[in-house]
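Q: need coordinates for the following:
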Amino acid sequence: MPRSTPARTGPPRALLLDHGGVLIRSVKRPERMPAFADRVLALAGGLTGLDRERVLHDIRAGRAAYGNWKNGTAREAAPREVTHREMWAEFIAADWPEAARAAVTAEATALCRGLVLAESDKAHDPAMVQVLRLCQEHGIRTGIVSNTLVGALNREMAAAGGIAPYLGVQVYSDETGHRKPGPHLLLLAARALGTDPADCWYVGDNYDRDVVCGIRAGVGRTVLLRPEARLDPAAYPQPDTVVHDGEGLLELLRSALTGPETADRGEHA
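A: Numbers count the residues shown, from 1 in each chain. Model prediction:
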């Protein structure tokens with residue numbers, strides 16, 4: 001899937017960012033999962049055939065199955081997102097007694113929210129906050145485009161962290177029903193910001209979802225934010241530019257803003 005047009009060399013009119021792995025840093029908290037399993041068990045009513053270990057196992061197995069499903073859709077032209085109800089009814093509680101399965105499915109959105117909160121702590125990368133501020137100073141519109149299980153949590157986090165005022169749009173897979181690498185989310189975001197995709201940069205941290213999505217949507221530059229130890233020189237297609245962290249993206253944007261002679265500066269795979 002080669003790029004059909006040259007990458008944009010000047011600064012973007014809009015900068016679109018992935019959420020996990022780009023805008024935020026996460027710290028896994030596996031020690032919190034047993035307590036979450038207790039909450040799920042209580043909601044299911046402690047029905048016959050379920051106990052904490054069974055519930056905990058099925059939550060972990062369901063999450064792994066969801067991950068495998070996501071990987072399996074990465075080659076599709078227009079993959080869809082699963083609903084919160086599907087997550088619980090089909091990935092986690094598929095083999096539970098019918099009454100227990102129905103009980104958790106009825107509360108699927110609240111349980112997806114609780115699952116995400118239990119899994120990890122999240123914080124905005126300070127360098128990415130600087131990126132957003134720099135964009136605001138130079139009239140570059142910004143937005144989030146992300147595959148996510150609970151986009152509402154990301155919106156709350158943006159508001160609580162003080163970055164919501166910098167964002168002109170937030171587009172999440174669970175709210176639209178569409179997933180990357182299909183171009184739909186990026187096209188929605190560009191349209192909401194009043195920009196042509198060719199005038200946007202898109203920054204993600206995955207080859208098969210983000211780079212492919214950016215190319216399919218026709219963005220002006222695909223930027224892969226990925227530590228050097230995680231680069232894959234054999235991956236296809238390659239991004240236009242690679243930066244290894246938020247500081248690298250900040251420097252790339254500053255370079256693009258200084259003039260055409262430095263607009264392409266950055267680290268390339």
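Q: measure stretch 39-56 end to end?
A: Across its full length, stretch 39-56 reaches 10 Å end to end, with Cα to Cα, to the nearest Å as the criterion.
Q: any idea of the mean pLDDT for that stretch?
A: Mean pLDDT, computed over stretch 39-56, is 87.
Q: which stretches in the chain count as strands?
A: Counting by DSSP state E, the chain has strands at residues 14-17, 24-28, 120-124, 141-146, 169-172, 200-204, 221-225, 241-243.
Q: deepest-packed of those strands, please.
A: strand 200-204 (a mean of 29; mean count of other Cβ atoms under 10 Å). Where you see a C-beta, it was placed from the backbone N, CA and C, and this is true even at glycine.
Q: Throw the strands of the chain into TSV and include mean pLDDT and distance to Leu252, thanks.
A: Output for these, formatted as TSV (pLDDT from 0 to 100; distance: least, Cβ to Cβ, whole Å):
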stretch	mean pLDDT	distance to Leu252
strand 14-17	98	11
strand 24-28	95	19
strand 120-124	97	19
strand 141-146	98	15
strand 169-172	98	22
strand 200-204	98	9
strand 221-225	97	7
strand 241-243	97	6
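Q: residues contacting the residue positioned nearest the centre of the chain?
A: With distances taken as Cα atoms, centre = their mean, the residue of the chain nearest its centroid is Ser146 (3.5 Å). Residues in contact with Ser146 (Cβ atoms under 8 Å, 6 or more residues apart in numbering) are Asp18, His19, Gly20, Asn154, Val171, Tyr172, Ser173, Leu185.
Q: which one (most neighbours) among those?
A: Leu185 (26 neighbours; other Cβ atoms under 10 Å).
Q: that one and Ala74: what is the separation?
A: 14 Å (Cβ to Cβ, to the nearest Å).
Q: what's the answer for Gly182, then?
A: Distance from Gly182 to Ala74, by Cβ to Cβ: 10 Å.
Q: more crowded one of those two?
A: Gly182 (22 against 16).
Q: find the nearest non-adjacent residue to the most far-flung residue of the chain relative to its centre, please.
A: For the chain, the residue at maximal distance from the C-alpha centroid (Cα atoms, centre = their mean) is Thr48, at 37.5 Å. Leaving aside its chain neighbours, Thr48 sits nearest to Pro97 (6.4 Å; criterion: Cβ to Cβ, 6 or more residues apart in numbering).
Q: could you give the number of residues near the residue nearest to Ala158 when sequence neighbours are not counted?
A: Using Cβ to Cβ, 6+ apart and skipping the chain neighbours, the partner closest in space to Ala158 is Ala164 (4.3 Å). Number of residues near Ala164 (other Cβ under 10 Å) recorded here: 13.
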